[in-house]
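>>> 3D, please:
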Amino acid sequence: MGIGVPKDLTDIRRFFAEPSHPRQRQYEALRAFFVEDRPSHEVARAFGYTPGSFRVLCHQFRRDPDPQFFHSPSPGPRTQPLKSKAHDLAVALRKQNHSVYEISQALKEHGTPLSPTAVREVLREEGFAPLPRRGDDERLEHLGPTAEAVADVREFALQPGTQFTTRCGGLFLFLPDLVRLQLEEIAARAKLPGSRMIPSSHALRCALALKLWSIERKSHVMALVTDPGLALFCGLNVIPKKSYLCEYSSRVERERTVALLAAWHRAVTDEQLFDAHSFNLDFHSVPYYGDDPQVQRHFVSARSRAQPSVLAFLAQDASGRAFCYSNADLRKGEEAEEIFRFIEFWKRQHGALPRHLVFDSRLTTYAHLARLDQLGITFITLRRRSAALLQEVADLPDSLFRVSISMPP
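Below you'll find the predicted structure:
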C-alpha cells in the first residue's frame, strides 16, 4: 500500500518542518498503524484522534487509490462571479423596495439568476436591513401554490371513456396479484386504522404504491399528487399528501404490523413462497437525520460509525430470497431476544419451528445460542474475517487440513 509520491522538495521540507501540520499528523498516524502494526486505539490516542474517527480515516485511506500527503492545497476562488454580475441590479431593485424573492425572480428573468439567500447576503453586505413583513394586499401579483383536492374515497368516480396520461402506469401490472391476495381482507384482519374518507384497505394500497414505485420518502409523493394513475391504483380521487402518510405511519403500532405480517403469511400459504429449510437473519441500521431525541445511536456499517438510526431486524428465506419477518421497533438491549420473537412468530403461523438459521456471531448471546440448541434448531454463526483471524488460519499446519472427495454412485 503506497503513501503518495513527493513531487516538490520544498513541499516536503515544509511538511516535516511544521509539527502541527494536519497532513503530517495524518501521515504519521497511518504509518504507525499500517507499517508499524501498532494497535488502532493506541495510535488514535497518541495522535489525538478518537477511536471512531481514526477507523473512518483508515477506511478512507484503504479505498483511496492515490493518497497525497506531500502537496500544498491550492487556494479556493477569491471572487463570486454570480454575485458580482447581479450586484448592481439587486441593489437598484432594493432601493425600489422590492423583497429578496422579487429581486431573485427579476434577476432570473434578466439572465443573472441568484437565489433569495444569495440576494439576502448581497444586500446585507451593502447595509440594507430586512423589509418589514407585508400583508397579502401589499404584495405584487405573482403565481402562488395551487391547493389540490383532498383524498376522499366518496369523491372517487370513473366515467365511461375516461382517458388520462400517467407516469405510474407500471403499477397496474400488480393489480392481478393484489386481487389474488385479497388485499382488503388482509387489511381487515390486521385491523389497520382507517376512516370514512380513506378506509384501511385504501390506506394500505397507498403505502404499497409508494414502495412498488420506488418512492423512497413520504415527502417525495408531493410531486405525484396530481397523477391520476396513482390515484386510480389507490382507489381514490387523489393520493393523500405527505402529512397524512406521516401521521398514518405513526398510528400503525407494532401489534398491527405483526397482525399484517400474519395475514400476509396466511394469504401466501398456497403460493409456496417460502422454502422454509433455512433462514438468514440480520440487523440493519437505517440512518435518521431528524431531531427526534427518542432515536438512539446505532452502528451504520455503510458509514463505519455510530449515528442516530432506526435498528431493523430482518428474516429472509434462504432459498426463495423472500423476506418473511421484520421489526423496526427495537431499542438497545433488545437485540438478543429478537431471534426468539421471530421463532415464536414462525411457529404461530406455520405450526413448526424454523429448521435452520444463519446469522452473524454478534446477533445474539451465547446463552441464547444454548436456548437454540435446546430447541433443536440448527444454526450457523458467521464470524468477522479480521486480520488476526486470517493470520491465525494461515499459521495452521497443513496436517490439520483434510480434503474429502465423494464420488457419485
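>>> low-confidence stretches in this protein?
1-21, 69-74, 136, 138-145, 218, 403-409 (pLDDT under 70).
>>> in the lengthiest strand in it, what's buried?
Longest strand in the chain by number of residues, with DSSP state E as the criterion: strand 305-317. Using 16 or more other C-beta atoms under 10 Å as the burial criterion, the residues of strand 305-317 that qualify are 308-309, 311-317. Placement of C-beta: from N, CA and C, glycine included.
>>> would JSON lines of these with distance to Cys246 be doable?
Shown next, in JSON lines, are the buried residues of strand 305-317 (distance: C-beta to C-beta, whole Å):
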{"residue": "Pro308", "distance to Cys246": "18"}
{"residue": "Ser309", "distance to Cys246": "19"}
{"residue": "Leu311", "distance to Cys246": "20"}
{"residue": "Ala312", "distance to Cys246": "18"}
{"residue": "Phe313", "distance to Cys246": "23"}
{"residue": "Leu314", "distance to Cys246": "23"}
{"residue": "Ala315", "distance to Cys246": "27"}
{"residue": "Gln316", "distance to Cys246": "28"}
{"residue": "Asp317", "distance to Cys246": "31"}
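>>> of these, just say which sits nearest to Pro397.
Within the buried residues of strand 305-317, the smallest distance to Pro397 is 38.1 Å, found for Gln316 (C-beta to C-beta).
>>> excluding its backbone neighbours, what's nearest Arg167?
Leaving out its chain neighbours, the residue that sits closest to Arg167 by C-beta to C-beta, 6 or more residues apart in numbering is Asp227, at 6.0 Å.
>>> surely that neighbour is in contact with Gly169?
No - using C-beta atoms under 8 Å, Asp227 is not in contact with Gly169, being 10.0 Å away.
>>> looking at those two, which is more packed in?
Asp227 (20 against 12; other C-beta atoms under 10 Å).
>>> ok, now how distant is that one from Tyr325?
Computed with C-beta to C-beta, to the nearest Å, the distance linking Asp227 and Tyr325 is 33 Å.
>>> pretty sure Lys242 sits against Met222.
Yes - the pair Lys242 / Met222 is scored as a contact, 5.7 Å apart, by C-beta under 8 Å.
>>> and the strands in the protein?
Under DSSP E, the chain gives strands at 279-287, 297-300, 305-317, 323-327, 356-360, 378-382.
>>> measure how the first one sits relative to strand 305-317, angle-wise.
Which is strand 279-287. Counting by axes from the mean of the first three to the mean of the last three C-alpha atoms, to 10 degrees, strand 279-287 points 150 degrees away from the direction of strand 305-317.
>>> and Pro116, how many residues sit next to it?
15.
>>> kindly report the same for Phe47.
Look at Phe47: counted by other C-beta under 10 Å, it has 16 neighbours.
>>> and it, what are its phi and psi?
phi -110, psi 10 (degrees, to the nearest 10).
>>> so what's the spatially closest residue to it that is not a sequence neighbour up against?
Distances taken as C-beta to C-beta, 6+ apart place Ala29 nearest to Phe47, at 4.1 Å, with adjacent residues excluded. Ala29 is in contact with 43-44, 46-47, 49, 54, 57, counting by C-beta atoms under 8 Å, 6 or more residues apart in numbering.
>>> quick one: which of the residues you listed is nearest Glu338?
Of the contacts of Ala29, the one sitting nearest to Glu338 (C-beta to C-beta) turns out to be Phe54, at 31.3 Å.
>>> pretty sure the closest one sits against Ala46.
No - using C-beta under 8 Å, Phe54 is not in contact with Ala46; the gap is 10.1 Å.
>>> what about the helices in the stretch 251-400 of the chain?
254-267, 338-350, 366-375, 387-394 (DSSP state H, counting those that start in this stretch).
>>> coming back round to it: write a PyMOL command that selects only the buried members of the contacts of Ala29.
Applying 16+ other C-beta under 10 Å to these leaves a buried subset, and the PyMOL line that selects it is:
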select buried, resi 43+44+47+49+54+57
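>>> phi, psi for the closest residue to Arg383 other than its chain neighbours please.
Closest residue to Arg383 apart from its sequence neighbours, by C-beta to C-beta, 6+ apart: Ser361 at 4.7 Å. Ser361 adopts backbone torsions of phi -70, psi -20, taken as degrees, to the nearest 10.
>>> just use 50 as the starting number from now, easier for me
That works, and once the first residue is 50, the last one we named lands at Ser410.
>>> Asp331 versus Ser410, what's the distance?
From Ser410 to Asp331 the distance is 12 Å (C-beta to C-beta).
>>> repeat that for Ser153.
Counting by C-beta to C-beta - Ser153 and Asp331 are separated by 48 Å.
>>> ok, these two, which is more surrounded?
Ser153 (21 against 14).
>>> got the buried residues for stretch 392-400?
392, 394-395, 398.
>>> ok, stretch 243-256 next?
Going by 16+ other C-beta under 10 Å, stretch 243-256 has these buried residues: 243, 246-256.
>>> want to throw the residues you listed into JSON lines with distance to Asp201?
Formatted as JSON lines, the buried residues of stretch 243-256 follow (distance: C-beta to C-beta, whole Å):
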{"residue": "Gly243", "distance to Asp201": "13"}
{"residue": "Met246", "distance to Asp201": "5"}
{"residue": "Ile247", "distance to Asp201": "8"}
{"residue": "Pro248", "distance to Asp201": "11"}
{"residue": "Ser249", "distance to Asp201": "15"}
{"residue": "Ser250", "distance to Asp201": "15"}
{"residue": "His251", "distance to Asp201": "10"}
{"residue": "Ala252", "distance to Asp201": "13"}
{"residue": "Leu253", "distance to Asp201": "17"}
{"residue": "Arg254", "distance to Asp201": "15"}
{"residue": "Cys255", "distance to Asp201": "13"}
{"residue": "Ala256", "distance to Asp201": "18"}
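>>> if anything else comes up later, I'll come back, but that's it for now.
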